[in-house]
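Chemist: Provide a 3D model corresponding to the input given below.
(chains A and B)
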Amino acid sequence: MFITKKHISRRAALKGAGVALGLPLLDAMIPAGTALAQTAAVPKQRMGFFYLPHGAIMYNTAHGPVMDKWTPSGSGANFKLSPILASLEPYKKYVSSFGNLENAATAGSVHSFTPSTWLSCTRPDTGRTKAHMAVTLDQVISKIISQDTPLPSLEVSSETIVQTSAGNNSIYTTLSFRDADSPLPMETNPRKVFLQLFGEGDTPQERAAIGNQTNSILDLILEDTKKLQGRLGNGDRAVLDGYLESVREIERRAQLAEAKDVSALQIPTAPVGEQEDFAEQVKLMFDLIALAYQADLTRVVAYVMAAEGTNRTYNHIGIPDAFHPMSHHANDLERLNKLAKIQTWHVEKFAEFLAKMAATPDGQGTLLDHSVFMFGSNMSNSDLHNNYPEPNILVGGGNGKMKLGGQHLVLPEKTPIANLHLTLLQKLGVERDKFGDSTGIISEI
Amino acid sequence: MKRLLFASAVLVLMAYLSLFEIRAVGQTAGPDQHRAMLNTYCTGCHNNRAKIGGLALDGLDLQAAADSAETWEKVLRKLRGHQMPPPGSPQPPQKDLDSFAAWMENTLDTRANGPKAGHVPIQRMNRIEYAASVKALVGVDLKATDVLPQDGQVDGFDNIAAALTVSPAFLSQYITAARQVASLAIGNPNPRVGSTKYSIAANQNPDLPLPLGTRGGIRFNHNFPADGEYRITINDLGVGIYASTLENQSTLAIMIDDKTVFRGSIGGPEDWALHAKGPKGRAQIMERFSKIPVQVEAGVHDVVVTFIDRSNVESPHNIADPFFDALTLSCSCAPPGRRNRLIDGVVVAGPFNPTGVSRTASRDLIFVCNPNAKEESSCARQITENLAHRAFRRPVTADEVTRLTRFYEASRKNGGSFDQGIEQVVAAVLASPNFLYRGILGAPGGLALTDLELASRLSFFLWNTGPDEELLRLAEAGGLTKSGAMERQVRRMLSDPKASSLVTNFAMKWLNLDSLESVKPDAVLFPGFTDQLRRDFSTEVEAFLRSILLEDRNLVDLLTADHTFLNDRLARHYGLSGVSGTQFRRVTLTEKERFGLLGKAAVLMRTSYADRTSPVLRGAWVLDRLMGTPPTPPPPDTATDLSQKAGEQPKTVRARLEQHRDKASCNMCHGVIDPIGLPLENFDAIGAWRTVDSQAKASIDASTVLPNGVAIDGVVELRAQLADRPARFVTALTERLTMYAINRKLEYFDMPQVRAIVRAAEKANYKLSSLVLGIVNSDSFRMQAPE
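Modeler: As a prediction, this is how the structure comes out:
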């Protein structure tokens, strides 16, 4: 419903772009020349969180370090990427990897609250029907760096996050909590993501009409809700307060979107919906995320690349086995190699996305220079459902605040992953000495 | 030595207990005997010092059991499921357990002193309810998943009030949906030309089978925005390089609302000759099936694009065959007569030269007056009042109507037509929190729900949407709480087609069968498995559930019924003969292993892994979904895999599960779970019958000793055991149905009511209607505790 100032109608763009706009759909979206985003002197910080389910193949299988496919080694000139991370070679100097990370908040989670605790580092109160945990890192960051964009944050997933294997609950399978009581849905339909980013309406007149209608509907909702609240008890009033907060948020975003000029962007037609082909679906989601950063429609993204507990198969890379059952690998070498292959594939897709970031000029550098992307999992050995050591890396220049050169940091044993989160917050200038169960910061980045 | 002492103590006690029972014949055992049983089997761990699992039973006074009802309800559940005492520990005799459970339940039921009802916070509709409400209100069909984000789920249900939060993403999509629905409902007399593609892969809806005598086609509902000409293009007819489809002449037909609007011939000598000319010739053939003009009136219409079936004489292969189905999807090498099928999909474009919007179902629902016959602004008011009244599920005030009518006025002021003004009102009503939310405040000065609140709760329970006119009028007149009124409404509503939601949205989710598409059987191990077969699994189980729930049969039939619904493909999968054709029909089975839910492929596949069966998943499913005694998930750092090691001699799943016996920590739960899954081993991971495990090259052993000590062999005996105590199954079902009805998780204080409902339902042969009546008359349903 957001109305951005796009001067070229999607259809016109489609015609203008000619054959380039065949398939794959969104390649042509990459704007030529300078990113539209930046006109100010100080580049804006971007952050992204890319979630991989079921851990990674590390040194803690029964085979020991021989079968470690994840952990890089060394630093600077001696920094060596692992087989799973090999496709990050071109961006090696932007990569920081961490050994010995632990997330105690997810202990005891058999997938059911593994995703949500990745960025909260707080144990959820699973005894209650109502969601109750803590605000997640991406949302804290969104409040700092992304309040002047049309979307404070974008939450997407390649597939549904409802875990059919674990009691059909979905509250703690999201990555993002806006506050302790508000889990955010992860959008799986690229079409809806597209509309979230670019809104509807092809002509200025259409967009103006939609904008006016939306404004008066929001006014009505505000008025009606207040009337309704007058008749309610405290608890119900609080429920509607949460709703009103969303209403105001939408109002605010609508205004920001209206002021946003993306007319230099070539926006193709909206994708039709969820892709049956998983590889296409993942690519499309990454393309949309890249576009959102490039057009500065948002600066914070959380993306579930494959759902925790998924039964998806990876036939496109020759793996007909379902991901989750196979992740219970029983130390079987064939299975371990297949899992590493899946993980490698996901890193490759991530690397393709990084290529777009690295190719987009932004102020004096590129978007990759001004971003920090966290890529990893909140599980370690999927056969054991355990949470130590967790495979996680950071990629990006961090707007000059990240140490460049590439490094694998062997942290003290059982370093809370919350220390990494706290470090990121401090780098953003947040004066805070605690996040989740943090015990300090990681000074080496 | 210690163990020996313990064992002999147990023996002595058991002797003592059995003596006691002889004495107690004809009367219920009293608290002393039950205390003795608890002391023998439970308090060794659950005492004030050890407090294992946070539970101490030694200090609890059985005479005042009702004061600790929350604890005792948990104890009952664990004992009933034989989850405690843990397998491997001495077990109390079944009759002592039964005696204790009966006494304790009776005590808790008769002396209940907990709260009468729980509190359900104000709740928004979920996306399924939203779609159903939009359909009822303005006649627009929406695919909920396409317009709104996923709702929070609890135990498989997405209508639990506390989990239905609102996010900016939700609200933004919700407002967009309101606007789009309004536009679709009113229709646009002069819409832009649009085109929609219906792809074969995404449009295999079992609810829309192809008409008899046709095949290889597609059927869908299309919303035609205005009266006018539409052009239908068939994307690919398989006229590729190896176009054996063209060897014989056949007929392609387009039908709209069952009326044939186009017939075109394809194939035969002329087309064969054209084809021989190469791409140009092929394009000429496709040209005939491109932009076929049809005149259609506005509204949603049923569209079929299909091949007319040739007679048996012409086509020896008129019976569907999964092998050839799979084959013809990818190439044209199937035998003649089965070659014609749409490969890609159909595009509907239009309208061209629209001539306005004539009557549609949506417009009939909205335009309750005619502005030509009545003064425009008062007609607009009347339309608004009618719509808001139905949408808000209560009478609306003049002030509310005035505020909504402003949307009409603003549009007219900007030069909009009457219709455009009403469209704005429709959008506003649909976006209003009065439509989205329903809250329960209760009648002043008490806990009881008001008539209107009761009507909404009842309607969302049975129909997934707000009350219809009859129910609304009744509630507004205060008539729903009058004697007999509720029962009349329940019976009326259960016989309405909208009660289907109890199958699709309650039963399928209760049984975890609503997302079968997320199960992906290993293509190498199960080459015969296709998406069509998966859809057949869903169709069968849904029809089966429908036949018992909505035909109001004994609910225990869910476990035991000898009828099912099959088409030829599924019958072949089950190894049954005598069923031909792709249409589903009711079949009476003689094969006992396929009776009831435990014989349905949907269940058996849902509870399997991609490459093998899982007695663990199956056992847990039975315990959780059918018996209401869910096992706890494995603790972290537990190796949970039983897979084969590479190079190892393949073992049966049963042999691999033996590992659970070796470790007490595994056996604690798996000693209960595994024995219930093992009798189902004759069904493979996609629910086909087998007597040999082809991977392990060993014959299937489906024998087991159940946690209650009974030795059984195979699915038939397992089913008999489950059905032997019908009240247990019906109680589990009632708990889930009540949760679904009142939009919250059940608490200990709901259990006396659940048991009362089950007891009453027993007298009515456990019909769904008796459960529903019990639920809607219970305090849990009719009352709302303060926050």
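Chemist: which residues in the stretch 51-200 of chain A form strands?
Modeler: A:95-102, A:154-157 (DSSP state E, counting those that start in this stretch).
Chemist: please identify the most buried of these.
Modeler: Neighbour counts (mean count of other Cβ atoms under 10 Å in any protein chain shown) averaged over each of the strands of the stretch 51-200 of chain A peak at strand A:154-157, with a mean of 26. For the C-beta atoms, the positions are set from N, CA and C on the backbone; glycine is no exception.
Chemist: check which element follows the helix or strand of chain B with the lowest mean pLDDT along the chain.
Modeler: None of the helices or strands of chain B scores lower by mean pLDDT, DSSP states H and E than helix B:322-330, at a mean of 39. Counting by DSSP states H and E, the next helix or strand C-terminal to helix B:322-330 is strand B:345-356.
Chemist: report the separation between B:Trp272 and chain A.
Modeler: Between B:Trp272 and chain A the distance is 32 Å, computed by Cβ to the nearest Cβ, to the nearest Å.
Chemist: close to chain A: what parts of the stretch 101-250 of chain B are there?
Modeler: Residues of the stretch 101-250 of chain B lying close to chain A (Cβ under 8 Å from any Cβ of the partner chain) are B:119, B:121-124, B:145-146, B:149-157, B:160, B:162-163, B:165-173, B:175-176, B:178-179, B:197, B:201-202.
Chemist: these in helices, which ones?
Modeler: Among these, the residues falling in helices (DSSP state H) are B:Thr145, B:Asp146, B:Pro168, B:Ala169, B:Phe170, B:Leu171, B:Ser172, B:Gln173, B:Ile175, B:Thr176, B:Ala178, B:Arg179.
Chemist: restrict those to the buried ones and give me that as a PyMOL selection.
Modeler: Remark: buried members of these, expressed as a PyMOL selection using 16 or more other Cβ atoms under 10 Å in any protein chain shown:
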select buried, chain B and resi 145+168+169+170+171+172+173+175+176+178+179
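Chemist: TSV for the ones in helices among the residues of the stretch 101-250 of chain B next to chain A, including pLDDT?
Modeler: What follows is those, written out as TSV (pLDDT from 0 to 100):
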residue	pLDDT
B:Thr145	82
B:Asp146	82
B:Pro168	89
B:Ala169	88
B:Phe170	91
B:Leu171	92
B:Ser172	89
B:Gln173	90
B:Ile175	92
B:Thr176	90
B:Ala178	94
B:Arg179	92
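Chemist: on the three-state scheme, the residue most central in space within chain B is what?
Modeler: Closest residue to the average C-alpha location of chain B: B:Met508 at 2.3 Å, with Cα atoms, centre = their mean. Put simply, B:Met508 is helix when judged by DSSP: H, G, I helix; E, B strand; the rest coil.
Chemist: quick check, it in contact with B:Leu545.
Modeler: Yes: using Cβ atoms under 8 Å, B:Met508 is in contact with B:Leu545, at 7.1 Å.
Chemist: may I have the lengthiest strand in chain A as CSV, with CA atoms only?
Modeler: Of all the segments of type strand in chain A, defined by DSSP state E, the longest one is strand A:407-416. Taking Å, rounded to 0.1, in the frame of the first residue of the first chain, the C-alpha atoms of strand A:407-416 are listed here in CSV:
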residue,chain,number,x,y,z
GLN,A,407,39.8,-13.0,10.1
HIS,A,408,38.7,-16.1,12.0
LEU,A,409,38.5,-15.2,15.7
VAL,A,410,38.9,-18.0,18.2
LEU,A,411,37.0,-16.6,21.1
PRO,A,412,37.2,-17.8,24.6
GLU,A,413,35.2,-21.0,25.1
LYS,A,414,31.4,-20.5,25.3
THR,A,415,31.4,-16.9,24.4
PRO,A,416,27.7,-15.8,24.4
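Chemist: so which bits of that strand are buried?
Modeler: Result for strand A:407-416 [16+ other Cβ under 10 Å]: buried residues A:Gln407, A:His408, A:Leu409, A:Leu411, A:Thr415, A:Pro416.
Chemist: which residue sits closest to the residue in chain A sticking out farthest from the centre in space, ignoring its chain neighbours?
Modeler: Relative to the centre of chain A, and counting by Cα atoms, centre = their mean, the farthest-placed residue is A:Arg231 at 39.7 Å. Closest residue to A:Arg231 apart from its sequence neighbours, by Cβ to Cβ, 6 or more residues apart in numbering or on different chains: B:Leu441 at 6.6 Å.
Chemist: the one you found against A:Gly235, yeah?
Modeler: No: with contact defined as Cβ under 8 Å, B:Leu441 does not reach A:Gly235; the gap is 11.5 Å.
Chemist: the strands in the stretch 201-350 of chain A, which residues?
Modeler: According to DSSP E, counting those that start in this stretch, the stretch 201-350 of chain A carries its strands in the segments A:300-304, A:313-314, A:319-322.
Chemist: quick check: A:Leu244 touching A:Thr225?
Modeler: Yes: between A:Leu244 and A:Thr225 a contact is recorded at 5.7 Å, counting by Cβ under 8 Å.
Chemist: is chain B within reach of the helix or strand containing A:Leu422?
Modeler: Taking DSSP H and E as the definition, one finds A:Leu422 inside helix A:417-427. No: Helix A:417-427 lies out of reach of chain B by Cβ under 8 Å from any Cβ, never closer than 15.9 Å.
Chemist: quick one, that helix and strand A:407-416 angle?
Modeler: Counting by axes from the mean of the first three to the mean of the last three Cα atoms, to 10 degrees, helix A:417-427 lies at 120 degrees to strand A:407-416.
Chemist: what packs against helix A:417-427?
Modeler: Here helix A:417-427 touches strand A:95-102, helix A:137-145, strand A:371-376, strand A:392-395, going by 3 or more Cβ pairs under 8 Å, 6 or more residues apart in numbering or on different chains; DSSP states H and E.
Chemist: residues in contact with the residue nearest the centre of chain A?
Modeler: Nearest to the mean C-alpha position of chain A, by Cα atoms, centre = their mean, lies A:Ala302 at 1.9 Å. A:Ala302 makes contact with A:48-49, A:51, A:119, A:136, A:138, A:153-156, A:175-176, A:186 under the criterion Cβ atoms under 8 Å, 6 or more residues apart in numbering or on different chains.
Chemist: noted, bye for now.
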